[in-house]
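Visitor: The following comprises the amino acid sequence and a computationally predicted model.
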Amino acid sequence: MLSALGVVPLEGRGDLPLAELHGEPMFVHPARALRAAGVRRVVVTTTADLESRVRQAVAGARLDVELADGSTWWAGAPAQQRLVLADPLCPLVPAEFVRRLLLDTSEDTAVAGFRPVTDTVKTVVDARVAGTIDRETLAVVASPVVLPARPSADEPPPIHDFARLVTWLRGRGPVRLVEAPAIARRVADLSALRVLQSVDDLGGFRSHA
C-alpha cells in the first residue's frame with residue numbers, strides 16, 4: 001500500500017457526482033481507483049445537503065472510505081503525508097495512472113493530470129473574433145492532482161476546482177503536468193457523462209489511452 005491520503009472532493013460540483021455511471025454514483029469510481037492504486041486511506045469530502053445520499057452510496061458500493069466535511073478535511077491530514085486528489089467529474093481515471101503519478105512525485109513538486117485542448121480557441125476583442133490561440137500552448141486540468149504533503153495555509157486549498165487548485169499550487173512551488181489517458185476526461189454535465197459511458201462501453205477511449 002502507498003503512503004498517501006486520497007481525497008475525492010464532492011463540494012462545489014452540485015449533485016452531478018451522484019449521477020449514475022455504469023450503475024453506480026459517479027464519485028464511487030475515482031474513490032475505487034484510489035484504493036486500487038494502493039492508497040491506504042481514502043476520504044470523500046462532502047457537504048451537509050449531500051451527506052445522507054453520499055453515505056448511502058458508500059454503503060451500497062461497500063467502499064472502504066471515510067466521509068469528511070469539505071471545509072475541515074485538510075486540517076486533519078498528516079502534515080508529512082502526500083495527498084492525491086481525484087476529481088469525481090473525471091470518474092474513469094485509471095488506477096494505473098493514479099499509481100504512476102504517485103510513484104513519480106518528488107518531495108517538492110506537485111503533479112497534475114491534464115488533457116490536451118482539442119477545440120478551436122479564439123480571442124475576442126470588442127465582441128469581434130481577433131485571432132486563434134495555438135492549442136499546443138493550452139491544457140485542461142484533469143485528475144488526479146498529487147501534492148507532496150498537506151498544504152500549510154490559513155485557508156484550505158481550492159479543491160472544488162482543480163484548475164484553480166493548480167494555479168494555487170503554482171503560487172507555492174513547482175507543478176508538473178502529465179498527460180492523462182483519454183478515459184480520464186472531465187465531464188461537465190449529464191449529457192457529457194452519457195457520452196463518456198457510451199464510449200467507454202465501446203472501448204473507444206481505452207483503446208486510445
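Guide: Received, thanks. Numbers count the residues shown, from 1 in each chain.
Visitor: all contacts plus neighbour counts: C-alpha atoms, from now on.
Guide: Will do.
Visitor: where along this protein do the strands fall?
Guide: Shown for the chain, the strands assigned by DSSP state E span residues 2-9, 20-21, 24-25, 39-46, 66-69, 82-85, 110-116, 121-125, 128-133, 139-147, 175-179.
Visitor: got the contact list for the second one?
Guide: Same thing as strand 20-21. 26, 193-194, 197 (C-alpha atoms under 8 Å, 6 or more residues apart in numbering).
Visitor: if we go to 6 Å?
Guide: residue 26 (C-alpha atoms under 6 Å, 6 or more residues apart in numbering).
Visitor: how much space between the residue most central in space within the chain and residue 13?
Guide: Nearest residue to the geometric centre of the chain (C-alpha atoms, centre = their mean): residue 87, 2.2 Å. Look at residue 87 and residue 13: by C-alpha to C-alpha, to the nearest Å, they are 10 Å apart.
Visitor: re earlier: let me know which of the strands of the chain is the nearest to residue 189.
Guide: strand 20-21 (12.0 Å; C-alpha to C-alpha).
Visitor: And the average pLDDT for that closest one is what?
Guide: Strand 20-21 comes out with an average pLDDT of 95.
Visitor: what stretches of the chain score poorly on pLDDT?
Guide: 1-2, 117-139, 152-154, 204-209 (pLDDT under 70).
Visitor: Where is the longest helix in it?
Guide: helix 190-202 (DSSP state H).
Visitor: contact partners of it?
Guide: Here helix 190-202 has contacts from residue 187, using C-alpha under 6 Å, 6+ apart.
Visitor: how distant is it from the center of its chain?
Guide: 18 Å (C-alpha atoms, centre = their mean, to the nearest Å).
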